[in-house]
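A.B. asks: No letters, just coordinates:
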């Protein structure tokens, strides 16, 4: 991007204590999930919105870890809560946060939604759930949208056409300059 110098701070991490990620709590397996679902447990999928649309456990609701409080009414009304995500890791880490929002028992699906799929169970796909305006965690390309496709495409093309002029106005980035 036109930068000639790179600086490194010598010894910046000396004496620093390496941060070890907390061990993820063990999750529940598919038989326990089946039993929980029979008891009307709320299954919350923390996948990216676009991935939730592409396939999720039937009956699951979509949520974002950073916005779990938006599901507080549903969480507090559920007799039990099971969190999932594509691989189960994020869901396991979100258990303590969900526990603060409900008196119900909260667990995570071990292996996440992938374990459901590996067991040959069908996923539910619905490109309208969550709705476009709720998909704030992922840039919906114009053709990922359910409405406003033409407007989104025009907005993208306008941005792309103006990008070169925007870079020139910025003045801090030089493309094609001899190195």
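C.D. replies: Okay, I see it. Please read all numbers here as calculations on a predicted model, not as lab measurements. Numbers count the residues shown, from 1 in each chain.
A.B. asks: any low-confidence regions in the chain?
C.D. replies: For the chain, residues meeting the criterion pLDDT under 70 lie at 1-4, 17-26, 175-179.
A.B. asks: switch to 80 and redo it
C.D. replies: 1-8, 11-26, 140-149, 152, 171, 173-179 (pLDDT under 80).
A.B. asks: Identify the residue nearest the geometric centre of it.
C.D. replies: Against the mean C-alpha coordinate of the chain, by CA atoms, centre = their mean, the closest residue is residue 48 at 3.4 Å.
A.B. asks: now it, nearest residue through space, not along the chain?
C.D. replies: Nearest residue to residue 48, sequence neighbours excluded (CB to CB, 6 or more residues apart in numbering): residue 138, at 5.1 Å. To be clear about C-beta, it is placed using only N, CA and C from the backbone, and glycine gets the same treatment.
A.B. asks: And the residue nearest to the centre of the chain, how far from residue 55?
C.D. replies: Separation of residue 48 from residue 55 (CB to CB, to the nearest Å) stands at 12 Å.
A.B. asks: swap in residue 7?
C.D. replies: For residue 7, the distance to residue 55 equals 46 Å [CB to CB].
A.B. asks: Next: residue 114.
C.D. replies: Between residue 114 and residue 55 the computed distance is 11 Å (CB to CB).
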